[in-house]
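*Asks:* Sequence and computational prediction follow.
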Amino acid sequence: MGRFQYQREPRHISKFLFSVCIFLFIFVLFFQGISFFSADTRRRQQESLENALMRGVTYCYTVEGTYPESLDYLKEHYGLMYDENLFFVDYRATAPNILPDITVMERRGQ
């Protein structure tokens, strides 16, 4: 008669907790990997924007003989586009024949 009776194993709870801990560990590793790749992608986007700015400024100087007076000039005449919510570009033109000081910074809190 005892063959249909259910007997609990004494280690049932410890196996469950072990499974939950393994799941949480894998979950944390997954999100750490995502945040690493996200940071790497933003760094590459910033490098790409810096290169595009330098190419645009150099091309403008080659074609027109002067460096662009503002960042808006590059946007309007040379098709520069970037996510202004993601990056801040500080563009300081000193003179028409001197390479402008360009700084690209990532906006935090996004």
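*Replies:* That came through, no problem. Every value quoted in this text rests on a predicted model; they were computed, and no experiment measured them.
*Asks:* C-alpha from now on. contacts and neighbour counts both.
*Replies:* Fine.
*Asks:* Is residue 20 part of a helix or strand, or is it coil?
*Replies:* Following DSSP: H, G, I helix; E, B strand; the rest coil, we place residue 20 in the helix state.
*Asks:* Surely residue 104 is within a helix?
*Replies:* No. Read with three-state DSSP, residue 104 is strand and lies in no helix.
*Asks:* Now do the contacts for it.
*Replies:* By CA atoms under 8 Å, 6 or more residues apart in numbering, the contact set of residue 104 is 46, 49, 50, 87, 88, 89, 90.
*Asks:* who does it bridge with?
*Replies:* residue 89 (DSSP bridges).
*Asks:* begin at 560 from here
*Replies:* Let's use 560 as the start, then, which means that last one is residue 663.
*Asks:* Next, work out how far apart it and residue 611 are.
*Replies:* 11 Å (CA to CA, to the nearest Å).
*Asks:* What's the separation between the spatially most central residue of the chain and residue 663?
*Replies:* For the chain, residue 601 is the residue whose C-alpha lies nearest the centre (CA atoms, centre = their mean; 2.1 Å). Here residue 601 is placed at a distance of 12 Å from residue 663 (CA to CA).
*Asks:* for residue 625, same thing?
*Replies:* Using CA to CA, residue 625 is found at 22 Å from residue 663.
*Asks:* again with residue 638
*Replies:* 18 Å.
*Asks:* follow-up on the earlier one: need the buried ones from the contacts of residue 663 selected in PyMOL.
*Replies:* Those of the contacts of residue 663 that count as buried under 16 or more other CA atoms under 10 Å are selected in PyMOL with:
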select buried, resi 605+608+609+646+648
